[in-house]
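[1] Just to be clear, the model below is a prediction. Sequence and coordinates:
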Amino acid sequence: MGTGFERNVAAADASARSVALAVLRSGPVSRADLARRLGLSTASLTRLTRPMISSGLLVERQPEGGNRTGRPSTPLDIDAGQAHFLGIKITWDVIYAVVCDLKGTVISRTRAAVTDTSAEAVVKQTVAIIDDHRRRGPGVTGVGIGIGGTVEGHRWVRRVPALGWTGEFDLADRLSASVGLPVSVDNDVRALTQGKHWFGEGRECSSLAVITVGVGVGCALVIDDQLYEGRRGLAAKVDHWALDPEGPACPRGHRGCAHQLLASGQVSARASEGMGRPVSFEECMRLAADGEPVTSQIVQHAAACLGLLVSRVADMIAPERVLVTGDGIELAMLGEDRMRTALVANRSTLADADDVRLVRSDFYAWAQGAAAIAIRRHMLTELPVT
């Protein structure tokens, strides 16, 4: 169990990390507000912040002005330039990479085509991308990887359908051993959610649900300020939830499941069948926006099903906010009225009326989410605070 001294040091370290994390997510923040949020006395807060100010991790901003009387408050903030993190989003055809500072601000970004989707080739290409960024940019403290598969413990990758990976291997360890840096891996939707929770549209929320529509249908949850992974990394798998008993059957035998109704490839297939010629998802959206009847009906029906899906996820954990995003967000944008009608019709009558937001996010935002996974690890386990 350790000595009393060791336990006291561990407790002080945990308290200091909670202070640093609160400033990261809310700064600039006054000492009074910070003490109130964390339930600390002024003396305790001063004791905890003093070494972080001395090290340069925390900085004092200009005192707040205004018409207040008495001594002005001196807000505390994180020195964002103290560390930099590389976030990488791996898709079946492109690897997107961003360098972020400690506050998640994107400093630079690149992309590279995937030429070979085998695990060995993708690992080799990712190592080359990391090494290239380390040569050209600011020093990298840690790396985060977002990938569209089943990931457990920020390490183990078990299944990545888009890349054809079916085995199990420790992707984090493979990369870390090659580049000599801490590497954290997560499912790409959870990584995106981490970025939205700490640095984006869910920043002030202690509970958050993110639903993505695009090539697939994904979901991730933040509960009591914690990104929820679930057993074996399988939490919030909503892609095969049944939404329409009269809908088309998917290859797994489900009728009217979320993937079959909302995934961009399936929407494209229904549009192609209805139009009697090949129609891409992008063209389907353009035609529907112009009022073409076949594609408009497809989009409106899919939007209603999306509203049902959002209502079920929202009622499950009653989050402060629900974000709907992804590369297929245009479907929700075009059918927003239908989506929200279905949402209200199927959701608890006690729910907030304005807690669902539609958010455009390109793949660099997903890479920023991967960087947020690395920043989270750094703040919670590696950051020297005492």
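    Good, I have the coordinates. Numbers count the residues shown, from 1 in each chain.
[2] Now do residue 287 against residue 297, distance only.
    Noted for residue 287: a distance of 11 Å to residue 297, by Cβ to Cβ, to the nearest Å. Yep, even glycine has a C-beta here, placed from its N, CA and C like the rest.
[3] what does stretch 53-64 contact?
    Outside stretch 53-64, the residues within contact range by Cβ atoms under 8 Å, 6 or more residues apart in numbering are 20, 23, 28, 30, 49, 52, 72-79, 82, 383-385.
[4] correction: stretch 168-183
    When contacts are defined by Cβ under 8 Å, 6+ apart, stretch 168-183 is touched by residues 119, 123, 126-127, 130-131, 134, 140-145, 147, 154-158, 184-185, 374, 377-378, 382.
[5] Just the C-alphas of it, formatted as CSV.
    Only the C-alpha atoms of stretch 168-183 are listed here, as CSV (Å, rounded to 0.1, in the frame of the first residue of the first chain):
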residue,chain,number,x,y,z
GLU,A,168,-5.6,-8.5,-32.6
PHE,A,169,-2.4,-6.6,-31.9
ASP,A,170,-0.9,-3.9,-29.7
LEU,A,171,-0.8,-0.9,-32.1
ALA,A,172,0.3,1.5,-29.4
ASP,A,173,3.3,-0.6,-28.4
ARG,A,174,4.3,-1.2,-32.0
LEU,A,175,4.3,2.5,-32.8
SER,A,176,5.8,3.6,-29.5
ALA,A,177,8.7,1.1,-29.8
SER,A,178,9.5,2.5,-33.3
VAL,A,179,9.3,6.3,-32.5
GLY,A,180,10.3,6.4,-28.9
LEU,A,181,7.3,8.4,-27.8
PRO,A,182,4.1,7.7,-25.8
VAL,A,183,1.4,6.6,-28.2
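[6] Tell me which of residue 287 and residue 297 has more neighbours.
    Neighbour count, other Cβ atoms under 10 Å: between residue 287 and residue 297, residue 287 has more, with 19 against 14.
[7] Chain neighbours aside, what residue packs nearest to the more buried one?
    residue 295 (4.1 Å; Cβ to Cβ, 6 or more residues apart in numbering).
[8] For residue 106, see how far away residue 77 is.
    Residue 77 sits 19 Å away from residue 106, going by Cβ to Cβ.
[9] oh, I was asking about residue 295
    Taking Cβ to Cβ as the measure, residue 295 falls 35 Å from residue 106.
[10] Looking at the two, which is more packed in?
    The neighbour comparison of residue 295 against residue 106 (other Cβ under 10 Å) goes to residue 295, with 24 against 16.
[11] Does the more buried one belong to a helix, a strand or coil?
    Put simply, residue 295 is helix when judged by DSSP: H, G, I helix; E, B strand; the rest coil.
[12] Right, I'll leave it there.
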